[in-house]
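J.: Got a predicted structure plus its sequence, pasted below:
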2 protein chains.
Amino acid sequence: MPANQQIHLVSRPTGEASLDNFRLVESQTPPLQPNQVLVRHHYLSLDPYMRGRMNESKSYAQPQPLNQVMQGGTVGEVVESRHPGYQSGDTVVGFGGWQQYSVVDAAQPGVLRKVDTTHVPLSHYLGAVGMPGVTAWYGLEKIIAPKAGDTLVISAASGAVGSAFGALAKARGCRVVGIAGGAQKCRYVTEELGFDACIDYREHPDTASMSQALKAACPNGIDGYFENVGGYILDAVLLRMNAFGRIALCGMIAGYDGAPLPMSNPQLLLVNRLKLEGFIVSEHMEVWPQALKELGGLVASGKLRPRESIAQGLAAAPEAFLGLLKGRNFGKQLVKLV
Amino acid sequence: MPANQQIHLVSRPTGEASLDNFRLVESQTPPLQPNQVLVRHHYLSLDPYMRGRMNESKSYAQPQPLNQVMQGGTVGEVVESRHPGYQSGDTVVGFGGWQQYSVVDAAQPGVLRKVDTTHVPLSHYLGAVGMPGVTAWYGLEKIIAPKAGDTLVISAASGAVGSAFGALAKARGCRVVGIAGGAQKCRYVTEELGFDACIDYREHPDTASMSQALKAACPNGIDGYFENVGGYILDAVLLRMNAFGRIALCGMIAGYDGAPLPMSNPQLLLVNRLKLEGFIVSEHMEVWPQALKELGGLVASGKLRPRESIAQGLAAAPEAFLGLLKGRNFGKQLVKLV
């Protein structure tokens, strides 16, 4: 059995997460039991939701246990199988965690899925054609439910969710405006992802300024908003929402360190008869096949060309993750292991 | 043509509304044109939404114009008609405003509706079997959409919307908990309106205390919330909402004077995957027939016995209205003119 490096969570953050919260641990993969499969991970996915799970407090998921391998999505290759449905060389997506190998009970439904890399690169199954892509699809299709011609806005537009959202929104005939940090990301959002406009939040660091920028970028107001960050950006968007607008609440990364993050003017939800809905895509598995089909088609046809930030080697995962929380990534953040 | 006393809005409030904002004006009703009907008002309805319309700022309705009669719902009796569908003595509900008489173009759809007072007292068409009742119905049925056994909470529970909400929720097999101001109102909410429990917000004047009271009254958490007031009560409810809870946002009376009213912890909307929706019942006329039928049945069968606060005479309307904004009414606030 191969040696297996792992990253464990060894302490919970107070305030910002730091490298001290993680430790690299050496272990051995155990021998396979019947129906088990040994997967060698090619890429780990790093996602903002992981920060929430590092806290002990009540959240939408069980907290990440201490002194165990950090949980997370993975893609890789089957290297040994005692399950009849899998054989060596199969490319698979799963939830193997921050480690080089995982042993999977393949008889459990949903834990492992074979994927075809003919038209879609393996890593994209952790991004545009994976959880982040389906997240964008669900918020757009099931909560915002736009009509052609609607104006939609998304924060963290250059990331994995944002890039998929842009392509899906354009396919539905919407005007789509991104919010991202820095001129380089904004250029990518408009020039490569095909957004109609992008607002650099670093140039608009308060509610009034962001609200003016949104007014300029959204001359007909905002019909739908996909929220990844929270804080003053949400306040500014609320000032520009049209009557009967819809807000898909997917993340509030600005509040993950535990700082209070009030919404300044919730009366606007009433005044403009808005609908706001929080969701977690893993609770809506029924939509995944339909969403993945559309997303895979957009990637295969070149209409969705998502960018990736790739850290090299398992030991680099904690630092890459902390960078993601600060917006230092540019596109989907991955860790390459092979 | 009869003399007609009216109340005009003569200035807009800065901060709290006051008696100075209103003036009693004497006028004459004009002679009837073809298709017009002259209605003598028996009762005026006073409702919290009127405060929002006294402001000039953008809101969900056109502002109440200055130096014109205050707009609002009315019930009364036709005293003269030049429309073939109406005759003297018909009892009608309409939107005649704060005045003794109104002249109505009865050919316009929806402006006047004949009502039957055999089983439902005329005044109830301004309350339980009128706009407030339908408001409760819409928020419950279309936004909260409860299952039997769900726990539902409503603020301003002893008012017109609250009393209808309680009866509708009990008819659907829910546990229903009210929030009201003072022991007397709370007793009425449980003993006469049939709520399972009622929390006196005067005894719980901050988020932590209200949250504890909600925990005690809602041992299984809160599945649906009907919001009439906003502020710290909403913050406290958010701390007790179950996953996938629904919030119908109907009013935020605490913020009508223009004071900021932030939501302290909007992350809870995400953590608990809540749905929150603002609405105005006048934009959903399609549900009125179904809602009024159920509400009329509840009143006729004695399952909904709404209380009324009745001010005497048109001149008393402004003071009664200001009292309503302070929660001094007890049940549906009306002004009796006849």
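T.: All right, it came through fine.
J.: Dump stretch A:243-263 to CSV, keeping only the CA atoms.
T.: C-alpha atoms of stretch A:243-263 as CSV (Å, rounded to 0.1, in the frame of the first residue of the first chain):
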residue,chain,number,x,y,z
ALA,A,243,-39.0,45.5,-7.9
PHE,A,244,-39.5,41.7,-7.8
GLY,A,245,-35.8,41.1,-8.0
ARG,A,246,-34.3,37.8,-6.8
ILE,A,247,-31.2,37.3,-4.8
ALA,A,248,-29.5,33.9,-4.6
LEU,A,249,-27.4,33.8,-1.4
CYS,A,250,-24.6,31.3,-1.9
GLY,A,251,-21.7,32.7,0.2
MET,A,252,-20.8,35.5,2.5
ILE,A,253,-17.1,35.1,2.5
ALA,A,254,-16.6,38.6,4.1
GLY,A,255,-18.2,37.2,7.3
TYR,A,256,-16.5,33.8,7.5
ASP,A,257,-14.0,35.0,10.1
GLY,A,258,-16.8,35.7,12.5
ALA,A,259,-16.9,39.5,12.2
PRO,A,260,-20.5,40.8,12.3
LEU,A,261,-21.7,41.7,8.8
PRO,A,262,-25.0,43.5,9.2
MET,A,263,-27.3,44.3,6.3
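J.: and that stretch, average pLDDT?
T.: In this model, stretch A:243-263 carries a mean pLDDT of 82.
J.: likewise stretch A:327-336?
T.: Rounded mean pLDDT across stretch A:327-336 is 92.
J.: And for stretch A:282-293?
T.: 94.
J.: what about whichever residue of the stretch 101-250 of chain A sits closest to chain B, distance to residue A:324?
T.: Across the stretch 101-250 of chain A, no residue is closer to chain B than residue A:249, which sits at 5.0 Å (CB to the nearest CB). (C-beta placed from N, C-alpha, C; glycine too.) According to CB to CB, to the nearest Å, residue A:249 and residue A:324 sit 20 Å apart.
J.: Counting neighbours, go ahead and name the busier of those two.
T.: residue A:249 (25 against 21; other CB atoms under 10 Å in any protein chain shown).
J.: For stretch A:119-129, C-alpha coordinates in CSV please.
T.: Output in CSV follows, covering the C-alpha atoms of stretch A:119-129 (Å, rounded to 0.1, in the frame of the first residue of the first chain):
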residue,chain,number,x,y,z
HIS,A,119,-13.9,17.0,-24.3
VAL,A,120,-13.5,18.2,-20.7
PRO,A,121,-10.1,18.3,-18.9
LEU,A,122,-10.2,16.3,-15.7
SER,A,123,-9.6,19.4,-13.4
HIS,A,124,-12.7,21.1,-14.7
TYR,A,125,-14.8,18.5,-13.0
LEU,A,126,-13.9,20.3,-9.8
GLY,A,127,-14.9,23.7,-11.2
ALA,A,128,-17.0,24.6,-14.2
VAL,A,129,-18.4,21.1,-14.6
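J.: residue contacts, the residue of the stretch 101-250 of chain A closest to chain B?
T.: A:227, A:276-279, B:269-270 (CB atoms under 8 Å, 6 or more residues apart in numbering or on different chains).
J.: How about residue A:248?
T.: Each residue near residue A:248 by CB under 8 Å, 6+ apart is listed here: A:138-140, A:143-144, A:224-227, A:277, A:279.
J.: element containing the spatially most central residue of chain A, please.
T.: Computing the C-alpha centroid of chain A and ranking residues by CA atoms, centre = their mean puts residue A:132 first, at 4.0 Å. Assigned by DSSP states H and E, residue A:132 falls within helix A:131-138.
J.: packing partners for that helix?
T.: helix A:160-171, helix A:288-300 (3 or more CB pairs under 8 Å, 6 or more residues apart in numbering or on different chains; DSSP states H and E).
J.: ok, residues contacting that helix?
T.: A:45, A:47, A:73, A:126-127, A:159-162, A:164-165, A:168, A:226, A:248, A:250, A:279, A:281-282, A:284, A:287-288, A:291-292, A:294-295, A:332.
J.: Thanks again, I'm all set now.
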